[in-house]
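[1] Got a sequence here, can you build the structure:
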Amino acid sequence: MTATQPENLYLSNNKTVTVSNANPLDGNSVIGFTTETLPTASTTVDVALNGAGSIDRFVKDNPAVGIVKEKNGSTLRLKAVTHKVNRSVTDMSGIPIAGAPTLTPTGEDYMIGSKITVDGIPATMQSFVAGGIRYVFDSVELSVSPGAALISPTDGKITDFVMPNDTVQVNYRYRDDMGRIIIDGNGGLPTTSSTNGMAGTQVAAILPESLRLCD
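    Numbering: from 1, shown residues only. Here you go, the predicted model:
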């Protein structure tokens, strides 16, 4: 049999082959194989019962780098090699915002080499208040190059991202939506502290008390 030819051995769903103990594969045997079902981040696919000892004799036709052979007891099977994409809500410096709404999920496993979509923030998280500060969604920052992936400026959704052989951190960055009132007496009034407030809301600014000099 010649490897890389799908017609060598095709295994439909839940089908396997068994390597005979009485007539084992010799050192020159090479079996190319294709499975109808591919492994995922949470599932494996059995290929050959009693085939663990002949793992080098079986060659997968699927070239995906994220799909590899492994031994599971005496069984040869396919599994997906995965890494995690972690998601966080941060300020513009990449520091997590205490009290921010929680993203669901905060992390997922994906097969390396696969083209994936990472959800953006929900509409309810376009802005939020935490610690008395209002935050507004600004942009997305990845710990690796996004390559040819498309990133939505509206909600940070990432599409056509090829999963690298590495853990990926995705930060949904928020800017604070705060204004500040500063009263400058230009030398004629006593100094007062500044007053902060969320944009679009009313705030009470403390005016300085004037001093009246009497003869």
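
[2] Low-confidence ranges, this structure, go.
    Applying pLDDT under 70 to the chain picks out residues 1-7, 179-215.

[3] Spatially central residue in it, please.
    With distances taken as C-alpha atoms, centre = their mean, Val85 lies nearest the centre of the chain, 2.6 Å away.

[4] isn't Thr75 right next to Asp46, touching?
    Yes: judged on C-beta atoms under 8 Å, Thr75 makes contact with Asp46 at a distance of 5.6 Å. For every residue, glycine as well, the C-beta is placed using N, CA and C.

[5] what touches both of the two?
    Thr16 (C-beta atoms under 8 Å, 6 or more residues apart in numbering).

[6] ok, the nearest residue in space to Leu76 that is not next to it in sequence to Ala64 distance?
    Sequence neighbours aside, Gly51 is the residue nearest to Leu76 in space, at 3.6 Å (criterion: C-beta to C-beta, 6 or more residues apart in numbering). Distance, Gly51 to Ala64, using C-beta to C-beta, to the nearest Å: 20 Å.

[7] Also Leu76?
    17 Å.

[8] How about Pro39?
    Distance from Pro39 to Ala64, by C-beta to C-beta: 10 Å.

[9] Look at these two and report which has more neighbours.
    For Pro39 and Ala64, the more surrounded residue by other C-beta atoms under 10 Å is Pro39, and the numbers stand at 22 against 16.

[10] ok, that one touching Lys60?
    No: applying C-beta under 8 Å, one finds Pro39 not in contact with Lys60, separated by 10.7 Å.

[11] Quickly list what's touching both of those two.
    Counting by C-beta under 8 Å, 6+ apart, the shared contacts of Pro39 and Lys60 are Ile67, Leu78.

[12] Torsion angles phi and psi at Ile55?
    Taking degrees, to the nearest 10, you get phi -60, psi -30 for the backbone angles of Ile55.
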